[in-house]
Structure formats: structure tokens, C-alpha cells
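Q: can you look at this prediction? I've put the sequence above it.
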Amino acid sequence: MATRAGVTATSPFSTPNRHQIHSKPTIEEAQACPREFYEMDNAMIIKLSAEGIFEAIGERLIREIMAVDGCR
């Protein structure tokens, strides 16, 4: 791992390179992005629920019911 002035390249405080600043998502990356709440992972649903996003709260409730009832 490369370091510069004691800061690793993966540090959130490191200076991003030109590619990181100006890169746009590829078509494949855009197609892979979740578009509906049921497509999102649990961590994202929990984060959005905590922020008060109604649809995420509903999805979290659905997942909780599924977990308790054993639905698939």
C-alpha cells in the first residue's frame, strides 16, 4: 500500500486522483445499481430507515415479518 506523508492511499483523507474525480459510471455499473427498495441490501435499508425514508421503513418491516414468519 503506497503512502504519502503518512497517509495511505485508501484513507478517506488522501487526495483522490484525476480518474476518481472525473470518472462516470459505466453502463454495467448503472445497470447493477438497485432501483427499488427490495433490491437494496440490509445495511442500506437500515440506514435509509434511520433517516426516515418511508419506503425503506416499509421494506424493513416486510423483511422483519419475513424473518419472523420464515417466509421466502
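A: Alright, I've got the coordinates.
Q: what distance do you get for the residue nearest to Glu55 when sequence neighbours are not counted to Ala43?
A: Nearest non-adjacent residue to Glu55, counting by C-beta to C-beta, 6 or more residues apart in numbering: Phe37, 5.0 Å away. Placement of C-beta: from N, CA and C, glycine included. Taking C-beta to C-beta, to the nearest Å as the measure, Phe37 and Ala43 are separated by 13 Å.
Q: looking at those two, which one has more neighbours?
A: Phe37 (20 against 8; other C-beta atoms under 10 Å).
Q: OK, contacts around the more buried one?
A: Contact partners of Phe37, counting by C-beta atoms under 8 Å, 6 or more residues apart in numbering, are 45, 48, 55-56, 58-59.
Q: let's see that with 10 Å instead.
A: For Phe37, the contacting residues are 44-45, 48-49, 53-60, 62-63, by C-beta atoms under 10 Å, 6 or more residues apart in numbering.
Q: now swap in Met40 and tell me
A: Taking C-beta under 10 Å, 6+ apart as the definition of contact, the neighbours of Met40 are 33-34, 46-48, 56, 59.
Q: ok so Met44 is a strand residue?
A: No: assigned with DSSP: H, G, I helix; E, B strand; the rest coil, Met44 falls outside any strand and is helix.
Q: okay, now it: neighbour count?
A: For Met44, the count of nearby residues is 14 (other C-beta under 10 Å).
Q: right, and it touches Ala56 too?
A: Yes: shown here, Met44 and Ala56 form a contact pair, counting by C-beta atoms under 10 Å, at 7.9 Å.
Q: contact partners of stretch 63-72?
A: The set of residues that contact stretch 63-72 without belonging to it, under C-beta under 10 Å, 6+ apart, is 37-38, 42, 45-46, 62.
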